[in-house]
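> got a predicted structure here, sequence first:
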Amino acid sequence: MPKARRRSAHASERFEDMALPDELLRVLADQGLERAFEIQSAILPDALGGRDVLARAETGSGKTLAFTLAMCARFRGRGVHRRRPLGVVLVPTRELAVQVVDTIHPFARAAGIRAQLVSGGMNIDKQADALKKGVEIIVATPGRLIDLAQREELFLDNVETTVIDEADHMADLGFLPDVEQILSHVPMGTQKMLFSATLDGQVDGIIDRFLVDPVTHETTPVTAAVKTMRHHVLTINPQRKRQITARLAARKGRTLLFTRTQLGAERVAQELIEVGIPAAALHGNKQQGLRTNVLAGYRQGAFDTLVATDVAARGLHIDDVSMVIHVDPSDDVKEYVHRSGRTARAGAEGTVVTFALPHQKTLTRNVTRDADVEAEWTDVPDENADVLRALGGRRPSGEPVDDPAHTKYKGAPRKLDLSRKGGASARKAEERRANEERRASWDEDATDGGRSGRGTSRGGRPRSGAGSAGGAASARRGQSSGRGTGRSAGADRQDSRGRGRRPR
């Protein structure tokens with residue numbers, strides 16, 4: 001039987017009324033933060049007091065700042081021990097780990113303490129060296145933390161506060177056994193704070209085993225049915241999906257597109273680039289440094305269009321996304337809600353658009369109904385439909401632009417080498433360059449009036465599909481979509497969700 005949980009509420013909304021050190025208040029003031037969000041106002045008094053905290057709160061609620069302030073205030077002025085942190089923050093993904101440690105850094109510096117990222121996809125020896133020098137707080141994915149502990153580069157016997165963030169997502173990805181293993185090595189009686197969108201099932205087991213008399217807080221849940229979020233479902237012709245996607249992605253404002261697979265994200269981003277829309281892909285098969293760079297450019301406004309798998313739907317906070325487009329409709333209500341929740345945040349207005357092919361209508365209708373949203377349905381025969389103009393769609397230039405993912409942005413890893421490319425993206429880029437060179441040679445032959453035969457007609461013009469950007473793009477799409485990719489797309493879907501795999 002689950003343990004009874006105390007509920008607590010605190011009325012203060014001003015940070016200066018919460019017994020925070022002056023150093024932290026100055027950082028808050030520098031960031032323009034005076035009043036706390038609901039979850040911060042509720043959690044901070046208990047967290048500062050060292051109590052176990054159980055919070056039902058979603059991404060975007062402000063929970064990261066809440067536990068950041070609590071740990072920095074509690075550890076301020078404390079001595080540091082090599083390989084023995086005082087605070088551990090466990091998160092499910094590398095992207096969320098990077099985001100959390102970025103939030104912690106300015107407050108940690110003000111408090112005279114250090115925070116370290118401990119995540120897969122990065123050099124483990126450098127992380128071990130940082131731990132050897134001594135840090136007060138680590139932000140870690142479970143797999144990498146266990147790796148370092150097994151190498152005896154990290155010990156948990158001095159930990160005083162443990163935060164389990166996005167616990168429900170940990171459960172979805174199969175990471176809770178790792179979390180239990182980690183918590184079993186943390187001293188009993190130390191502070192635990194657990195944050196989750198849902199408090200049931202496996203998450204409840206963690207709570208009952210490791211949290212002692214936790215104070216429970218619940219915030220208003222983030223849903224897809226908020227007043228400032230408009231929902232549209234566009235039923236489209238499969239033959240015009242690419243053109244309709246480009247027309248809507250060319251709108252003004254920050255736009256986030258979701259695809260079902262990693263290959264789909266790469267394909268859509270490249271198709272947008274080829275018609276004049278700067279776009280980058282974000283998915284789990286990209287090297288961590290490349291993902292960090294893409295997110296940095298998107299957040300800084302270097303480009304306004306990001307094409308992602310669901311790796312970006314959970315945990316990441318991206319400001320000012322005014323439209324979310326489900327290029328491939330979600331088949332899961334929770335997934336639909338989390339994707340859609342990237343827009344209309346903190347009272348801002350946002351629009352959610354779902355593309356539904358004829359065979360996807362019933363599924364999409366069921367998902368939107370279960371998400372408790374009233375979507376406006378419109379048949380869209382082609383890219384010239386009035387509804388696309390009403391949604392801000394514009395005709396793209398049609399002229400290819402540079403791939404924004406090939407530019408290094410502020411905040412990218414210092415040693416990131418964008419000249420080193422590998423995998424599917426490199427093959428596609430190489431194929432694109434080869435096609436462009438081939439097209440250029442055909443055009444040169446046509447200008448000289450010769451009959452080059454291959455790729456040209458009798459009039460010296462490029463044959464359809466051979467000497468044009470459209471033909472090259474069609475050839476690539478034929479290789480990366482359709483029947484031939486059914487098997488790889490399915491495998492890619494599994495990878496993009498990461499189920500059963502832990503970050504290493």
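Arrived safely.

> where does pLDDT dip in the stretch 351-500 of the chain?
420-500 (pLDDT under 70).

> now do the chain
Scanning the chain with the threshold set as pLDDT under 70 gives 1-12, 58-60, 220-225, 311-315, 346, 420-504.

> domains in it, by residue range?
Domain segmentation of the chain under automatic domain parsing yields 6-218, 229-406, 438-469.

> redo these as TSV? Include distance to Arg414 and mean neighbour count.
Heads up, the C-betas are built off the backbone N, CA and C, glycines and all. Converted to TSV, those look like this (distance: least, Cβ to Cβ, whole Å; neighbours: other Cβ atoms under 10 Å):
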stretch	distance to Arg414	mean neighbour count
domain 6-218	12	19
domain 229-406	10	20
domain 438-469	36	14
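
> between these, which gets nearest to Leu418?
Across these, the minimum distance to Leu418, taken as Cβ to Cβ, is reached by domain 229-406, at 5.6 Å.

> pipe the domains of the chain into CSV and attach distance to Leu416 per row.
As requested, the domains of the chain are exported to CSV (distance: least, Cβ to Cβ, whole Å):
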stretch, distance to Leu416
domain 6-218, 12
domain 229-406, 4
domain 438-469, 29
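
> to Pro413, which of the ones you listed lies closest?
domain 229-406 (4.3 Å).

> and Glu160, how close does it get to Ser41?
For Glu160, the distance to Ser41 equals 23 Å [Cβ to Cβ, to the nearest Å].

> same deal with Thr235?
Separation of Thr235 from Ser41 (Cβ to Cβ) stands at 44 Å.

> try His231
31 Å.

> how about Pro187?
29 Å.

> what's the answer for Thr378, then?
From Thr378 to Ser41 the distance is 42 Å (Cβ to Cβ).

> for Thr259, same thing?
The value you get for Thr259 to Ser41, if Cβ to Cβ is used, is 38 Å.

> quick one, helices of the stretch 151-300 of the chain?
In chain order, the stretch 151-300 of the chain shows helices spanning 167-173, 176-183, 201-210, 241-249, 262-274, 288-299, with DSSP state H, counting those that start in this stretch as the criterion.

> okay if I get those as JSON lines plus distance to Phe107?
Formatted as JSON lines, the helices of the stretch 151-300 of the chain follow (distance: least, Cβ to Cβ, whole Å):
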{"stretch": "helix 167-173", "distance to Phe107": "23"}
{"stretch": "helix 176-183", "distance to Phe107": "24"}
{"stretch": "helix 201-210", "distance to Phe107": "26"}
{"stretch": "helix 241-249", "distance to Phe107": "37"}
{"stretch": "helix 262-274", "distance to Phe107": "34"}
{"stretch": "helix 288-299", "distance to Phe107": "20"}
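
> out of these, nearest to Arg369?
Of those, nearest to Arg369 by Cβ to Cβ is helix 167-173, at 22.4 Å.

> got the CA coordinates for that closest one in CSV?
C-alpha atoms of helix 167-173 as CSV (Å, rounded to 0.1, in the frame of the first residue of the first chain):
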residue,chain,number,x,y,z
ALA,A,167,10.7,10.1,-13.8
ASP,A,168,7.8,9.1,-16.1
HIS,A,169,10.1,9.5,-19.1
MET,A,170,12.7,7.4,-17.4
ALA,A,171,10.0,4.7,-17.0
ASP,A,172,9.1,4.9,-20.7
LEU,A,173,12.7,4.4,-21.7
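
> what separates that helix from the chain centre, distance-wise?
Its chain's C-alpha centre and that of helix 167-173 lie 15 Å apart, by Cα atoms, centre = their mean, to the nearest Å.

> counting by contacts, list what that helix packs against.
helix 176-183, strand 191-196, helix 201-210 (3 or more Cβ pairs under 8 Å, 6 or more residues apart in numbering; DSSP states H and E).

> cutoff 10 Å now
In terms of contacts (3 or more Cβ pairs under 10 Å, 6 or more residues apart in numbering; DSSP states H and E), helix 167-173 is packed against strand 53-56, helix 176-183, strand 191-196, helix 201-210, helix 333-340.

> centre of the chain to the shortest one, how far?
The chain centroid and the centroid of strand 53-56 are separated by 23 Å under Cα atoms, centre = their mean.

> for the fourth one, same thing?
Relative to the chain's own centre, helix 201-210 is displaced by 26 Å; criterion: Cα atoms, centre = their mean.

> and that helix with helix 176-183, angle?
Angle, helix 201-210 to helix 176-183, by axes from the mean of the first three to the mean of the last three Cα atoms, to 10 degrees: 10 degrees.

> how about the third one?
For strand 191-196 and helix 176-183, the angle between their directions (the same axes, to 10 degrees) works out to 170 degrees.

> dump strand 191-196 to PDB, keeping only the CA atoms.
Taking Å, rounded to 0.1, in the frame of the first residue of the first chain, the C-alpha atoms of strand 191-196 are listed here in PDB:
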ATOM      1  CA  GLN A 191      17.100  14.400   0.600                       C
ATOM      2  CA  LYS A 192      15.300  13.100  -2.500                       C
ATOM      3  CA  MET A 193      13.300  15.200  -5.000                       C
ATOM      4  CA  LEU A 194      11.300  13.400  -7.700                       C
ATOM      5  CA  PHE A 195       9.600  15.200 -10.600                       C
ATOM      6  CA  SER A 196       7.200  13.400 -12.900                       C
END
